[in-house]
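**Q** generate coordinates for the sequence data below:
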Amino acid sequence: MTDRKVDWDWTRITKRTEVRRIDAAFWVDETLCGLAYGKITTHGPALTRLEGAPGEHVLKGHITDLAIAVLETLAAALGSTRTMLEDPDPDLIAWYGLRGYLPVADPELSRYLAKERAAR
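**A** Residues are numbered from 1 along each chain as shown. I've put the predicted structure just below:
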């Protein structure tokens with residue numbers, strides 16, 4: 001029995017052939033601490049899957065912040081002013097809001113929380 005909230009098949013997810021995708025693995029020594037997967041859309045880069053490894057590890061409690069940092073750095077490099085989180089865990093929506101991720105008013109993007117930044 002694990003303490004996973006989701007049961008994603010990470011092997012299947014990361015073997016997809018999409019060209020405009022985001023793959024991030026967070027390792028410390030020989031321990032895989034977390035994985036993030038997403039896509040680069042016309043609306044901006046979006047994380048679609050995010051999970052910290054079950055059990056104790058040195059990055060416990062930091063995987064989401066690390067994944068968001070990767071997402072926001074990628075957006076800046078691409079010149080995108082928006083980053084998005086697809087289908088966020090309802091229990092974490094307020095927490096994401098503290099980091100600037102808010103529900104999107106556009107019905108086409110209602111599955112997402114988004115964060116806007118000023119154009120450079």
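
**Q** host element of the residue most central in space within the chain?
**A** The centroid of the chain falls nearest to L47 when counting by CA atoms, centre = their mean (3.3 Å). Assigned by DSSP states H and E, L47 belongs to strand 44-52.

**Q** next, the angle strand 44-52 makes with the helix or strand following that strand.
**A** Counting by DSSP H and E, the next helix or strand C-terminal to strand 44-52 is helix 63-78. Relative orientation of helix 63-78 and strand 44-52, computed by axes from the mean of the first three to the mean of the last three CA atoms, to 10 degrees: 160 degrees.

**Q** re earlier: so who does the residue nearest to the centre of the chain touch?
**A** 22, 36-38, 67-68, 71, 84-86 (CB atoms under 8 Å, 6 or more residues apart in numbering). Just so you know, the C-beta spots here come from the backbone N, C-alpha and C atoms, and that holds for glycine as well.

**Q** how many residues are close by the nearest residue to it once chain neighbours are set aside?
**A** The shortest distance from L47 to any non-neighbouring residue, by CB to CB, 6 or more residues apart in numbering, is to G38 (4.2 Å). Close neighbours of G38, defined as other CB atoms under 10 Å, add up to 25.

**Q** next one: the residue nearest to the centre of the chain relative to G55, how far apart?
**A** Between L47 and G55 the computed distance is 22 Å (CB to CB, to the nearest Å).

**Q** what are the phi and psi values for the residue nearest to L47?
**A** Reported as degrees, to the nearest 10, the phi and psi values for G38 are phi -160, psi -170.

**Q** list the contacts of it.
**A** The contact partners of G38, taken as CB under 8 Å, 6+ apart, are 21-22, 45-49, 71, 86.

**Q** which of those residues are buried? Put it as a ChimeraX command.
**A** Selection of buried members from the contacts of G38 for ChimeraX, criterion 16 or more other CB atoms under 10 Å:
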select :22,45,46,47,48,49,71,86
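
**Q** with that, I have no additional questions.
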